[in-house]
Structures are given as structure tokens and as C-alpha cells.
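[1] For reference, the sequence and a predicted model appear below.
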Amino acid sequence: MKKWMKGIAITGIVLLLVGTAVTALAAVVGNATQEHGIVGNWAERHFDDGLMEHIEDTLRLNSRRYRNSRSHSIDSGRYDDSGYDSDSYDNLNICPKEEMELAGTYKGITKLEVEAERSAVKIVENPELTDEINVYMKNDTYTIIDIDSDDEPGQLSVKYSWPSRKYSWSSGDSGYTQGIIEIPVGYRFREAELEAKASFIKADYVNADELDASVKAGELQLGSFQAGKADFSVEAGSITAYGDVEREMEAEVKAGAATVELAGGEKDYNFYLDNAVGSVLLGDSVYSGLSNDTKVNNGSDKIVKIDCSAGTVEVRFSDKN
């Protein structure tokens, strides 16, 4: 196939992927209007100003992290010493657990699944816990939480959701679900799965043999993670994570932004980059353009795989030397 024909074909495929992601997003958000773009009246009524700011940024595929900074790079001045975006969660309205209800306490959990739909959820460590996991929810009129711990031994599935479309907006009953999940300090899961759908998930720390974090709309932040294998997936929105992988990290972005800071230096990893029409920033190197596939072999036993269709992926390293 001639080069120009290959380029047209790849572009068509990427546009199809982006269109699919946006269509899925519209289905999640619901009642989007042409006047307000993808965000629409639903989000304006169901999220406070801070959350609306996040949704507008992520769904327009123009993350604030990439504004007014070097090409395809995070504005590092907005991050404190711990790596957090200093004002990312200033307006995130998740009430303290004292204002929530304890939905359940579960022991011996090796697999944790957390799904948030039209919700704001925090995962925090509690030094007073040993083997138990506490699940909290804010008891609003239409808040829904589904908890399943009987599917298989050691598995806990928690889904927060807000069924706004079932109720009339004229009644004034609008909002979003809020929840907190407490885990013991340093708790190691066999598997941990986090999924945000028109939602925000903030996890202080996650330690797992296999970590799977995905965003279909909204934002997910991992303040710190330790994983044997970590998978990050973004359809429309953003993921920010800081941590260490023991074997492999994979990041797939269809439309949106993924930013991961890994422990160690760039030479500690081998890289496999599959970039269609997006942009990949690896350390200080930028890979962009049509169908830019790259392999970097540093002789390491750790692997980083990046599949960027039409978005931005940035991989930074704690060791800048």
C-alpha cells in the first residue's frame, strides 16, 4: 500500500475510534445538547462548579495539564512535591465520612472492583484497619450503591451511581453520588480494578499484583501505586498516576490524556510505542505524527507499552538523571 493511502486509512480508523469514544461518552452523560457540546445541561445540573470544570476540560479533550506548558508536557509548576496537581481537587465536593453512612465492612478481600457512574469517590488508607475494608456512601435521595461480595471468594465489587434520567429535573432532585472506601495501610490486592464513567475517582494508594484503571469520561487520579502489572485506559477523559511497576505497564488512550510518573529512570524500562495521530512524551522525547511506531530496548526486565490513537500520553520518571 502506498504511503499516502496508508495514511488516509490510518486517519479514518482513528477518527472512527474517536467517534466511538464520544458516542459512548454521550450515552453515559445523557441529554447532551448541541448548544453546550458534549457536556450539556445534564452535567451543569448534576455537578458543582469544580466538577464541571473537570468535565469540561476532559470531555473537550483539552486537559488543563497541557495548557501553557512546553509542547505535550505537564505544567510542572502546578504540582506540589508529592506530585499532586495542586488545584485539581480544590473544588471536588466529597463530604467527610462522618457525614456518610457505613454501607458495609468486608474482610479477606483479594480482588477489589470499584465502578463510579455520575459519582465522586475517594479510596483512602486507614491506619486503624488491619484486614477489613470499609465502604461508605452519602445517603442522598437517589444515591445508589451496589455491593457484591458473593460472586467469588475474596472478591468485593462496589458500584456507585446516580440514576438522574429516571427523575424529573423540574422536581429539583439532581446531584451525584459520593463515596469513600477505606483500606488498610499498604494493603496488597491480587487484583484491583477502578473504572470512572462521567465520574471522578481519587485513590491515595493502591497496591496490587494486577492493577486496571480506566476512564470513559471524567478523571481518575492515583496518588501512589505499586503493581506487578498496571493497565491504564482512557476513552475520553484523563488519568494521572504516580508509582512503580514490577513487570509491565500498559497505557491505551483513544481520546484524552494519560500521565504516569514511574519510579526510577528512563533506562530502567523497555518501551513499545504505537502512536497513530496522537502525541507521546517519553521523558524528554516527543513522538508524534502519523503512524509513529517505536521500540526502545534498554536491556531491562520492565516493559512499558503505549497505544495512543488520538490523545496524549506522557510518561515521566522520578529519577531525572
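    Good, I have the coordinates. Numbers count the residues shown, from 1 in each chain.
[2] Distance check, residue 221 against residue 203.
    For residue 221, the distance to residue 203 equals 7 Å [CB to CB, to the nearest Å]. (Glycine included, C-beta is placed from N, CA and C.)
[3] Pull out the buried positions in the strand or helix carrying residue 145.
    Applying DSSP states H and E as the criterion places residue 145 in strand 144-148. Across strand 144-148, burial judged by 16 or more other CB atoms under 10 Å covers residue 145.
[4] What pairs with it, parallel or antiparallel?
    In the sheet, strand 144-148 lines up against strand 155-161 (antiparallel) (DSSP bridges).
[5] I would like the residues contacting the strand it pairs with, please.
    With contact meaning CB atoms under 8 Å, 6 or more residues apart in numbering, strand 155-161 is reached by 106, 109-119, 121, 133, 135, 137, 143-149, 151, 177-179, 181, 199.
[6] ok, of these, which come out buried?
    Neighbour counting by 16+ other CB under 10 Å classes 106, 109-119, 121, 133, 135, 137, 143, 145, 149, 177-179, 181, 199 among the contacts of strand 155-161 as buried.
[7] Return the subset of the residues you listed lying in strands.
    Among the buried ones among the contacts of strand 155-161, the members falling in strands (DSSP state E) are 106, 111-117, 119, 121, 133, 135, 137, 145, 177-179, 181, 199.
[8] mind showing which ranges of the stretch 101-250 of the chain have poor pLDDT?
    Residues of the stretch 101-250 of the chain that meet the criterion pLDDT under 70 lie in 164-174.
[9] ok, residue 102 touching residue 139?
    No: with contacts counted by CB atoms under 8 Å, residue 102 stays clear of residue 139, the gap being 10.6 Å.
[10] Name the residues of the longest strand anywhere in the chain that come out as buried.
    In the chain, taking DSSP E as the definition, the longest strand is strand 206-234. Neighbour counts over strand 206-234 (16+ other CB under 10 Å) mark 206-227, 229-234 as buried.
[11] Same question for stretch 303-319.
    304, 306-317.
[12] tell me the contacts of residue 112?
    Counting by CB under 8 Å, 6+ apart, residue 112 touches 133, 156, 158, 181, 183, 189, 191, 192, 193, 208.
[13] Mind listing the residues bridging to residue 234?
    Beta-bridge partners recorded for residue 234 (DSSP bridges): residue 215, residue 253.
[14] Equivalent analysis for residue 156, please.
    Beta-bridge pairing of residue 156 under DSSP bridges involves residue 112.
[15] That one: neighbouring residues, count only.
    The tally of other residues near residue 156 (other CB atoms under 10 Å) stands at 23.
[16] and it, how far is that from residue 241?
    Plainly put, residue 156 is 22 Å away from residue 241 if you go by CB to CB.
[17] can you check residue 320 too?
    In this view, residue 320 and residue 241 are 18 Å apart by CB to CB.
[18] In terms of neighbours, single out the busier of those two.
    The neighbour comparison of residue 320 against residue 241 (other CB under 10 Å) goes to residue 241, with 25 against 9.
[19] close enough to count as contact, residue 111 and residue 154?
    Yes: using CB under 8 Å, residue 111 makes contact with residue 154 at a distance of 5.9 Å.
[20] Overlap of the contact sets of these two?
    Residues touching both residue 111 and residue 154 by CB under 8 Å, 6+ apart: residue 190.
[21] quick one: contacts for the nearest residue to residue 178 once chain neighbours are set aside?
    Nearest-residue entry for residue 178: residue 138, 4.1 Å, with adjacent residues in sequence omitted and distances by CB to CB, 6 or more residues apart in numbering. Residues near residue 138 by CB under 8 Å, 6+ apart: 95, 99, 100, 101, 177, 178, 179.
[22] repeat for residue 307
    Contact analysis of residue 307 by CB under 8 Å, 6+ apart lists 250, 251, 252, 253, 274.
[23] who wins for neighbours among those?
    Tallying neighbours with other CB under 10 Å puts residue 253 at the head of those, with 29 neighbours.
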